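> Provide a 3D model corresponding to the input given below.
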Amino acid sequence: MSNLETRPDEVVCHSYGLSGPSSKEGGRAPVEIITARDVPLGGPRSMTVRRTLPQRQRSLIGAWCFVDHYGPDQVETTGGMDVAPHPHTGLQTVSWLFAGEIQHLDSGGNAGLVRPGEVNLMTAGRGICHSEVSTENTSILHGVQLWLALPEAARHREQRSFEHHAPPVTEFVGGSAKVFLGELLGARSPVTTHSPVLGAEIRLDPGAVVDLAIDPGFEHGVLVDSGEIAVENVAVPSAAIGYTGIGLSELRIENRSDFPGRVVLLGGAPFGEEIVMWWNFVGRSHDEIAEARREWQAGSDRFGVVEGYVGAGGPGANAQGMSRLPAPQLPAGNSAPG
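Just a heads-up that it's a prediction; the model follows:
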(Lines give C-alpha, C1' and ligand atoms only; values in the text may rest on other atoms or scores of the structure.)
Protein backbone atom coordinates (compact mmCIF):
# COMPACT_ATOMS: atom_id res chain seq x y z
CA MET A 1 0.00 0.00 0.00
CA SER A 2 1.24 3.46 -0.83
CA ASN A 3 1.33 6.29 1.65
CA LEU A 4 -1.21 8.52 -0.12
CA GLU A 5 -0.87 11.56 2.10
CA THR A 6 -0.62 14.65 -0.11
CA ARG A 7 1.94 16.32 2.15
CA PRO A 8 3.79 13.57 4.01
CA ASP A 9 6.44 14.52 6.51
CA GLU A 10 9.98 13.31 6.15
CA VAL A 11 10.61 11.43 9.39
CA VAL A 12 13.80 10.26 11.06
CA CYS A 13 13.09 6.87 12.65
CA HIS A 14 15.34 5.33 15.25
CA SER A 15 15.42 2.76 18.00
CA TYR A 16 15.12 4.07 21.54
CA GLY A 17 17.65 1.60 22.91
CA LEU A 18 16.94 0.56 26.47
CA SER A 19 14.34 3.26 27.07
CA GLY A 20 10.83 1.88 27.26
CA PRO A 21 7.30 2.43 28.48
CA SER A 22 6.59 3.61 32.01
CA SER A 23 2.97 2.74 32.94
CA LYS A 24 2.27 -0.63 34.50
CA GLU A 25 -0.50 -2.44 36.36
CA GLY A 26 -0.56 -5.17 38.99
CA GLY A 27 3.16 -5.76 39.09
CA ARG A 28 3.35 -6.66 35.40
CA ALA A 29 5.74 -5.12 32.85
CA PRO A 30 5.21 -1.49 31.84
CA VAL A 31 3.23 -0.78 28.65
CA GLU A 32 3.20 2.24 26.36
CA ILE A 33 0.02 3.03 24.41
CA ILE A 34 0.59 4.13 20.82
CA THR A 35 -2.67 5.56 19.51
CA ALA A 36 -3.65 5.65 15.84
CA ARG A 37 -4.33 8.61 13.58
CA ASP A 38 -6.78 8.48 10.67
CA VAL A 39 -5.28 8.85 7.19
CA PRO A 40 -7.56 8.94 4.10
CA LEU A 41 -6.24 7.06 1.08
CA GLY A 42 -7.52 9.72 -1.31
CA GLY A 43 -10.21 10.02 -3.94
CA PRO A 44 -13.87 11.07 -3.66
CA ARG A 45 -14.77 7.81 -1.89
CA SER A 46 -11.64 7.30 0.12
CA MET A 47 -10.83 4.37 2.33
CA THR A 48 -9.41 5.54 5.65
CA VAL A 49 -6.60 3.74 7.42
CA ARG A 50 -5.56 3.98 11.07
CA ARG A 51 -1.80 4.57 11.30
CA THR A 52 0.16 3.80 14.46
CA LEU A 53 3.71 3.79 13.05
CA PRO A 54 5.65 5.94 12.48
CA GLN A 55 4.91 8.56 15.13
CA ARG A 56 7.00 11.07 17.03
CA GLN A 57 6.23 9.07 20.16
CA ARG A 58 7.74 5.89 18.75
CA SER A 59 8.89 5.30 15.19
CA LEU A 60 10.20 1.72 15.23
CA ILE A 61 9.34 -1.61 16.85
CA GLY A 62 12.27 -3.75 15.86
CA ALA A 63 12.51 -3.27 12.08
CA TRP A 64 8.76 -2.53 11.83
CA CYS A 65 8.56 1.07 10.63
CA PHE A 66 5.00 1.41 9.26
CA VAL A 67 1.67 0.04 10.50
CA ASP A 68 -1.65 0.76 8.76
CA HIS A 69 -4.84 -0.91 10.03
CA TYR A 70 -8.01 -0.64 7.93
CA GLY A 71 -11.60 -1.87 7.85
CA PRO A 72 -13.87 -3.55 8.01
CA ASP A 73 -14.86 -1.33 5.05
CA GLN A 74 -17.82 -1.86 2.77
CA VAL A 75 -16.22 -1.70 -0.67
CA GLU A 76 -19.41 -0.49 -2.35
CA THR A 77 -19.26 2.56 -0.07
CA THR A 78 -15.53 3.29 0.08
CA GLY A 79 -14.59 2.14 -3.40
CA GLY A 80 -12.16 -0.39 -1.93
CA MET A 81 -8.46 -0.36 -2.69
CA ASP A 82 -7.24 0.94 -6.05
CA VAL A 83 -3.60 1.96 -5.72
CA ALA A 84 -1.88 2.57 -9.05
CA PRO A 85 1.79 1.60 -9.51
CA HIS A 86 3.95 3.35 -6.94
CA PRO A 87 7.59 2.95 -5.82
CA HIS A 88 9.38 1.66 -2.77
CA THR A 89 13.01 1.62 -1.64
CA GLY A 90 14.82 0.15 1.35
CA LEU A 91 11.93 -1.87 2.81
CA GLN A 92 9.79 -4.99 2.74
CA THR A 93 6.01 -4.68 2.46
CA VAL A 94 4.00 -7.20 4.50
CA SER A 95 0.32 -7.59 3.53
CA TRP A 96 -2.08 -9.41 5.90
CA LEU A 97 -5.86 -9.55 5.51
CA PHE A 98 -8.73 -10.50 7.81
CA ALA A 99 -11.37 -10.18 5.05
CA GLY A 100 -11.41 -9.43 1.32
CA GLU A 101 -8.92 -10.04 -1.46
CA ILE A 102 -6.29 -7.83 -3.14
CA GLN A 103 -4.53 -8.32 -6.48
CA HIS A 104 -0.80 -7.55 -6.26
CA LEU A 105 1.40 -6.87 -9.32
CA ASP A 106 5.00 -5.67 -9.19
CA SER A 107 7.87 -4.72 -11.47
CA GLY A 108 9.71 -7.91 -10.61
CA GLY A 109 7.11 -9.73 -12.72
CA ASN A 110 5.38 -11.07 -9.62
CA ALA A 111 1.60 -11.43 -9.36
CA GLY A 112 -0.27 -12.64 -6.31
CA LEU A 113 -3.57 -12.55 -4.51
CA VAL A 114 -3.55 -11.36 -0.92
CA ARG A 115 -6.13 -13.47 0.91
CA PRO A 116 -7.16 -13.66 4.59
CA GLY A 117 -4.65 -15.58 6.67
CA GLU A 118 -1.99 -15.64 3.91
CA VAL A 119 1.01 -13.32 4.05
CA ASN A 120 2.47 -11.65 0.98
CA LEU A 121 5.92 -10.13 1.43
CA MET A 122 7.62 -7.97 -1.23
CA THR A 123 11.27 -6.91 -0.91
CA ALA A 124 12.05 -3.58 -2.55
CA GLY A 125 15.82 -3.43 -2.13
CA ARG A 126 17.16 -0.54 -4.23
CA GLY A 127 13.85 -0.03 -6.01
CA ILE A 128 10.57 -1.63 -7.02
CA CYS A 129 7.07 -0.51 -7.95
CA HIS A 130 3.74 -2.31 -7.52
CA SER A 131 -0.02 -1.91 -7.69
CA GLU A 132 -2.75 -3.11 -5.32
CA VAL A 133 -6.42 -3.47 -6.26
CA SER A 134 -9.23 -5.13 -4.31
CA THR A 135 -10.87 -7.81 -6.44
CA GLU A 136 -14.39 -7.70 -7.87
CA ASN A 137 -15.69 -10.37 -5.48
CA THR A 138 -14.54 -8.39 -2.41
CA SER A 139 -17.41 -6.86 -0.46
CA ILE A 140 -15.57 -6.17 2.81
CA LEU A 141 -11.92 -5.17 3.09
CA HIS A 142 -10.20 -5.53 6.47
CA GLY A 143 -6.57 -6.01 7.37
CA VAL A 144 -3.16 -4.48 7.98
CA GLN A 145 -0.37 -3.20 5.77
CA LEU A 146 3.07 -3.32 7.37
CA TRP A 147 6.58 -2.28 6.37
CA LEU A 148 9.93 -3.60 7.57
CA ALA A 149 13.02 -1.40 7.19
CA LEU A 150 15.87 -3.18 5.45
CA PRO A 151 19.30 -3.04 7.14
CA GLU A 152 22.28 -1.58 5.33
CA ALA A 153 23.49 -5.00 4.17
CA ALA A 154 20.27 -5.70 2.26
CA ARG A 155 18.83 -2.37 1.17
CA HIS A 156 20.92 -1.84 -1.99
CA ARG A 157 20.13 -5.17 -3.62
CA GLU A 158 18.78 -5.09 -7.17
CA GLN A 159 16.70 -8.27 -6.82
CA ARG A 160 12.93 -7.67 -6.59
CA SER A 161 11.56 -10.60 -4.64
CA PHE A 162 8.09 -11.70 -3.59
CA GLU A 163 7.07 -14.46 -1.16
CA HIS A 164 3.73 -15.97 -0.18
CA HIS A 165 2.97 -18.15 2.84
CA ALA A 166 -0.24 -19.53 4.36
CA PRO A 167 0.70 -20.27 7.99
CA PRO A 168 -1.10 -23.10 9.78
CA VAL A 169 -3.30 -22.43 12.79
CA THR A 170 -1.47 -22.98 16.07
CA GLU A 171 -3.92 -23.73 18.88
CA PHE A 172 -3.36 -22.88 22.53
CA VAL A 173 -5.59 -22.81 25.60
CA GLY A 174 -7.81 -19.75 25.13
CA GLY A 175 -7.24 -19.12 21.45
CA SER A 176 -5.11 -19.64 18.37
CA ALA A 177 -2.35 -17.99 16.34
CA LYS A 178 -1.07 -17.73 12.78
CA VAL A 179 2.63 -16.92 12.73
CA PHE A 180 3.37 -15.18 9.43
CA LEU A 181 6.92 -14.00 10.23
CA GLY A 182 9.47 -15.30 12.70
CA GLU A 183 8.72 -17.82 15.44
CA LEU A 184 6.15 -18.13 18.23
CA LEU A 185 4.44 -20.99 20.10
CA GLY A 186 6.67 -23.52 18.35
CA ALA A 187 5.55 -22.35 14.88
CA ARG A 188 8.09 -20.87 12.47
CA SER A 189 7.51 -18.97 9.24
CA PRO A 190 9.75 -19.75 6.24
CA VAL A 191 9.38 -16.23 4.82
CA THR A 192 12.68 -14.37 4.37
CA THR A 193 13.42 -11.34 6.53
CA HIS A 194 16.70 -9.48 7.00
CA SER A 195 16.37 -8.66 10.70
CA PRO A 196 15.16 -10.80 13.64
CA VAL A 197 11.39 -10.11 13.67
CA LEU A 198 8.03 -11.57 14.67
CA GLY A 199 4.59 -11.16 13.13
CA ALA A 200 1.49 -13.12 14.19
CA GLU A 201 -2.29 -12.85 14.20
CA ILE A 202 -3.65 -14.00 17.55
CA ARG A 203 -7.29 -14.78 18.26
CA LEU A 204 -8.51 -14.89 21.84
CA ASP A 205 -11.66 -16.53 23.20
CA PRO A 206 -14.01 -14.40 25.33
CA GLY A 207 -12.41 -13.86 28.75
CA ALA A 208 -9.17 -15.61 27.75
CA VAL A 209 -5.80 -14.79 29.30
CA VAL A 210 -2.63 -16.07 27.63
CA ASP A 211 0.98 -15.79 28.79
CA LEU A 212 3.18 -16.09 25.69
CA ALA A 213 6.84 -17.07 25.89
CA ILE A 214 8.69 -14.40 23.89
CA ASP A 215 12.28 -13.49 23.00
CA PRO A 216 13.62 -11.14 25.73
CA GLY A 217 15.88 -9.54 23.13
CA PHE A 218 12.82 -8.30 21.21
CA GLU A 219 10.63 -5.27 21.75
CA HIS A 220 6.95 -6.01 21.05
CA GLY A 221 3.78 -4.24 20.02
CA VAL A 222 0.22 -5.62 20.25
CA LEU A 223 -2.12 -4.01 17.70
CA VAL A 224 -5.77 -4.37 18.77
CA ASP A 225 -8.27 -5.26 16.05
CA SER A 226 -11.22 -6.50 18.14
CA GLY A 227 -12.13 -7.37 21.72
CA GLU A 228 -11.41 -5.53 24.96
CA ILE A 229 -7.70 -6.20 25.11
CA ALA A 230 -5.24 -5.73 27.94
CA VAL A 231 -1.48 -6.17 27.57
CA GLU A 232 0.37 -6.86 30.82
CA ASN A 233 -2.86 -5.85 32.63
CA VAL A 234 -2.92 -2.45 30.85
CA ALA A 235 -6.05 -1.81 28.73
CA VAL A 236 -5.22 -1.04 25.10
CA PRO A 237 -7.86 0.82 23.03
CA SER A 238 -9.10 -0.50 19.72
CA ALA A 239 -6.73 0.26 16.80
CA ALA A 240 -3.93 1.23 19.23
CA ILE A 241 -0.68 -0.62 19.95
CA GLY A 242 0.38 -1.73 23.41
CA TYR A 243 4.18 -1.57 23.35
CA THR A 244 6.65 -3.35 25.65
CA GLY A 245 10.41 -2.87 25.61
CA ILE A 246 13.16 -5.46 25.63
CA GLY A 247 13.91 -7.79 28.53
CA LEU A 248 10.48 -9.42 28.79
CA SER A 249 10.40 -13.22 28.43
CA GLU A 250 6.64 -13.59 28.94
CA LEU A 251 3.88 -11.43 27.47
CA ARG A 252 0.37 -11.47 28.94
CA ILE A 253 -2.52 -10.69 26.57
CA GLU A 254 -6.09 -10.74 27.87
CA ASN A 255 -9.48 -10.45 26.18
CA ARG A 256 -11.79 -8.89 28.76
CA SER A 257 -14.86 -8.94 26.51
CA ASP A 258 -17.67 -11.47 26.09
CA PHE A 259 -16.92 -11.91 22.40
CA PRO A 260 -13.83 -13.13 20.51
CA GLY A 261 -10.84 -10.84 20.25
CA ARG A 262 -8.12 -10.46 17.66
CA VAL A 263 -4.70 -8.77 17.80
CA VAL A 264 -1.60 -8.60 15.63
CA LEU A 265 1.61 -9.17 17.56
CA LEU A 266 4.70 -7.47 16.11
CA GLY A 267 8.19 -7.84 17.52
CA GLY A 268 11.84 -7.61 16.72
CA ALA A 269 15.34 -6.91 17.93
CA PRO A 270 15.93 -3.14 18.24
CA PHE A 271 16.89 -1.85 14.81
CA GLY A 272 20.44 -0.57 15.13
CA GLU A 273 20.32 1.96 12.29
CA GLU A 274 18.72 5.38 12.02
CA ILE A 275 16.54 5.67 8.93
CA VAL A 276 14.88 8.50 7.04
CA MET A 277 11.38 7.75 5.79
CA TRP A 278 9.31 9.83 3.40
CA TRP A 279 6.31 8.85 1.28
CA ASN A 280 7.16 5.29 0.10
CA PHE A 281 10.92 5.53 0.48
CA VAL A 282 13.20 4.39 3.30
CA GLY A 283 16.75 5.72 3.16
CA ARG A 284 19.47 7.16 5.36
CA SER A 285 19.48 10.86 4.40
CA HIS A 286 17.34 13.62 2.90
CA ASP A 287 19.54 13.68 -0.20
CA GLU A 288 19.05 9.97 -0.73
CA ILE A 289 15.27 10.35 -0.47
CA ALA A 290 15.36 13.32 -2.87
CA GLU A 291 17.28 11.28 -5.43
CA ALA A 292 14.80 8.39 -5.22
CA ARG A 293 11.95 10.85 -5.77
CA ARG A 294 13.73 12.42 -8.74
CA GLU A 295 14.31 9.04 -10.37
CA TRP A 296 10.68 7.96 -9.85
CA GLN A 297 9.37 11.19 -11.38
CA ALA A 298 11.74 10.76 -14.32
CA GLY A 299 10.58 7.20 -15.02
CA SER A 300 13.98 5.71 -14.19
CA ASP A 301 14.68 2.02 -14.75
CA ARG A 302 15.54 1.88 -11.06
CA PHE A 303 11.92 1.00 -10.23
CA GLY A 304 10.91 -0.98 -13.33
CA VAL A 305 7.40 -1.17 -14.75
CA VAL A 306 4.22 -2.93 -13.59
CA GLU A 307 2.60 -4.90 -16.41
CA GLY A 308 -1.13 -5.69 -16.47
CA TYR A 309 -2.43 -3.17 -13.95
CA VAL A 310 -6.23 -2.71 -14.21
CA GLY A 311 -7.85 -0.19 -11.90
CA ALA A 312 -11.29 1.33 -11.53
CA GLY A 313 -10.53 3.59 -14.49
CA GLY A 314 -9.96 0.59 -16.78
CA PRO A 315 -6.75 -1.08 -18.00
CA GLY A 316 -3.74 0.87 -16.84
CA ALA A 317 -5.57 3.53 -14.82
CA ASN A 318 -7.05 4.05 -11.38
CA ALA A 319 -10.31 5.82 -10.59
CA GLN A 320 -8.58 9.19 -11.07
CA GLY A 321 -7.22 8.12 -14.46
CA MET A 322 -3.61 7.78 -13.28
CA SER A 323 -1.39 4.99 -14.61
CA ARG A 324 1.17 5.59 -11.83
CA LEU A 325 1.18 7.64 -8.66
CA PRO A 326 3.18 10.87 -8.86
CA ALA A 327 5.36 11.64 -5.87
CA PRO A 328 4.20 14.49 -3.59
CA GLN A 329 6.33 17.58 -3.23
CA LEU A 330 9.31 16.84 -1.02
CA PRO A 331 9.54 19.22 1.94
CA ALA A 332 12.65 21.33 2.04
CA GLY A 333 14.95 21.49 5.03
CA ASN A 334 15.54 19.05 7.84
CA SER A 335 13.60 15.88 8.53
CA ALA A 336 11.17 15.73 11.40
CA PRO A 337 12.26 13.48 14.27
CA GLY A 338 10.40 10.21 14.64
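
> show me where the stretch 51-200 of the chain has strands.
Counting by DSSP state E, counting those that start in this stretch, residue ranges of the strands within the stretch 51-200 of the chain are 64-74, 82-88, 91-99, 102-106, 111-114, 119-123, 128-134, 140-149, 161-165, 170-172, 175-181, 183-184, 187-188, 197-204.

> In TSV, list those along with mean pLDDT, mean neighbour count and distance to residue 299.
In short, each C-beta sits where N, CA and C put it, glycine included. As requested, the strands of the stretch 51-200 of the chain are arranged in TSV below (pLDDT from 0 to 100; neighbours: other C-beta atoms under 10 Å; distance: least, C-beta to C-beta, whole Å):
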stretch	mean pLDDT	mean neighbour count	distance to residue 299
strand 64-74	96	22	25
strand 82-88	94	25	11
strand 91-99	98	23	21
strand 102-106	97	22	16
strand 111-114	95	17	22
strand 119-123	98	23	21
strand 128-134	96	26	10
strand 140-149	97	23	24
strand 161-165	96	17	22
strand 170-172	98	13	45
strand 175-181	98	23	33
strand 183-184	98	18	41
strand 187-188	98	14	41
strand 197-204	98	24	33
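
> Would you tell me which of the ones you listed gets closest to residue 291?
strand 82-88 (12.2 Å; C-beta to C-beta).

> Need the contact partners of the closest one.
Applying C-beta atoms under 8 Å, 6 or more residues apart in numbering, the external contacts of strand 82-88 come out as 1-2, 4, 41, 43, 105, 107, 122, 124, 127-134, 280-282, 292, 296, 303, 305-306, 309, 311-312, 317-319, 322-325, 327.

> again with stretch 274-283
2-3, 5, 8-14, 54, 59-60, 65-66, 86-91, 147, 149-150, 155, 284-286, 288-289, 292-293, 327-328, 330, 335, 338.

> The residues you listed in helices, which ones?
With helices defined by DSSP state H, the entries of the contacts of stretch 274-283 inside them are 286, 288-289, 292-293.

> quick one: which of these is most hemmed in?
residue 292 (27 neighbours; other C-beta atoms under 10 Å).

> count of residues packed around the closest residue to it other than its chain neighbours?
Spatial nearest neighbour of residue 292, chain neighbours left out: residue 281 (4.7 Å); criterion: C-beta to C-beta, 6 or more residues apart in numbering. Each residue near residue 281 was counted by other C-beta under 10 Å, and the total is 25.

> Give the bridge partners for residue 281, please.
residue 89, residue 278 (DSSP bridges).

> could we number from 470 for the rest of this?
Understood, numbering begins at 470; the last thing we discussed is residue 750.

> Which pLDDT value goes with it?
Predicted confidence (pLDDT) for residue 750: 98.

> and it, how far is that from residue 605?
Distance of residue 750 to residue 605, given as C-beta to C-beta, to the nearest Å: 32 Å.

> go on, residue 599?
In terms of C-beta to C-beta, residue 599 sits 19 Å off from residue 605.

> give me the low-pLDDT residue ranges for this protein?
Across the chain, the ranges flagged by pLDDT under 70 are 470-476, 485-496, 510-515, 802-807.
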